[in-house]
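Engineer: here you go, sequence then predicted model.
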Amino acid sequence: MKRILKVLTFIAAGLYLLVDAIFMTVAKPIANWIDKHVPLKRLRDWIRSLPPYPSLALFSVPVIALEPIKPIAAYLAATGQFLSGAVTFIFGELLKLVLVERLFSLTREKLMRIPTFARLYGWYSQATAWLKATEAWRTLESLARSSREYFKATIARLAHWLHQYRQR
């Protein structure tokens with residue numbers, strides 16, 4: 001029984017890491033866009049001025065505040081509101097990851113001064129690197145790239161069609 005639980009734990013952890021990694025590929029560009037286009041200099045300066053442990057506390061706020069979104073999304077899906085549940089889950093997870101990404105980029109140096117955090121981050125980085133080295137990840141990445149190219153081409157065709165339609 002103990003062996004089965006260990007395997008199930010590894011599978012659950014792997015799936016969680018996979019979902020986070022997939023969402024992070026979307027969240028990172030959003031976070032970078034916010035950094036470039038949303039002028040919050042005073043807030044950024046204040047966050048950067050925090051010592052390591054208050055930085056860690058601030059880093060955990062979006063996780064604690066937005067983690068309850070998952071059970072809410074599960075409830076919505078279980079009560080037959082699958083689309084609402086999916087949108088709630090995706091929006092909540094993206095918002096959480098965008099906020100965590102921004103805070104992490106502002107406080108990384110200070111967080112790495114905390115030995116336990118640095119060790120956990122090292123393990124997380126190793127697990128992420130391993131996941132990204134798998135053939136399954138490369139296949140998903142290729143499919144995502146193809147999908148993005150397809151949607152860009154479709155949007156370009158639609159924009160061209162709309163432009164032609166307006167000129168009539």
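Structural biologist: Sure, I can see it.
Engineer: and the lowest mean pLDDT element among the helices and strands of the chain?
Structural biologist: One helix or strand of the chain scores below all others by mean pLDDT, DSSP states H and E: helix 2-37, with a mean of 71.
Engineer: continuing past it, what's the next helix or strand?
Structural biologist: helix 41-49 (DSSP states H and E).
Engineer: remind me what the helix or strand that that next one is followed by packs against, helices and strands.
Structural biologist: Later in the chain than helix 41-49, the nearest helix or strand by DSSP H and E is helix 52-66. Helix 52-66 sits against helix 82-111, with contacts defined as 3 or more CB pairs under 8 Å, 6 or more residues apart in numbering; DSSP states H and E. From N, CA and C alone the C-beta is placed, and that goes for glycine too.
Engineer: so what's the residue count around A144?
Structural biologist: Neighbourhood size, A144 [other CB atoms under 10 Å]: 13.
Engineer: tell me the mean pLDDT over stretch 91-101?
Structural biologist: For stretch 91-101, mean pLDDT is 84.
Engineer: distance between it and the chain's centre?
Structural biologist: 6 Å (CA atoms, centre = their mean, to the nearest Å).
Engineer: how about it: buried residues?
Structural biologist: Under the neighbour-count criterion of 16 or more other CB atoms under 10 Å, stretch 91-101 has 92-101 buried.
Engineer: now, among these, which is nearest to V7?
Structural biologist: Comparing the buried residues of stretch 91-101 against V7 with CB to CB places E93 closest, at 25.6 Å.
Engineer: and L106, what pLDDT?
Structural biologist: At L106, pLDDT is 88.
Engineer: grab the nearest non-local neighbour of it.
Structural biologist: Nearest non-adjacent residue to L106, counting by CB to CB, 6 or more residues apart in numbering: I47, 4.8 Å away.
Engineer: the one you found contacts S55, doesn't it?
Structural biologist: Yes - if you go by CB atoms under 8 Å, I47 and S55 touch, sitting 7.5 Å apart.
Engineer: identify the contacts common to these two.
Structural biologist: Listed as contacting both I47 and S55 by CB atoms under 8 Å, 6 or more residues apart in numbering are T107.
Engineer: against E149, how distant is L162?
Structural biologist: 20 Å (CB to CB, to the nearest Å).
Engineer: elements contacting the helix or strand harbouring P71?
Structural biologist: Using DSSP H and E, the element containing P71 is helix 69-78. Here helix 69-78 touches helix 82-111, going by 3+ CB pairs under 8 Å, 6+ apart.
Engineer: tell me the helix or strand right after the helix it packs on.
Structural biologist: Downstream of helix 82-111, the first helix or strand assigned by DSSP H and E is helix 115-133.
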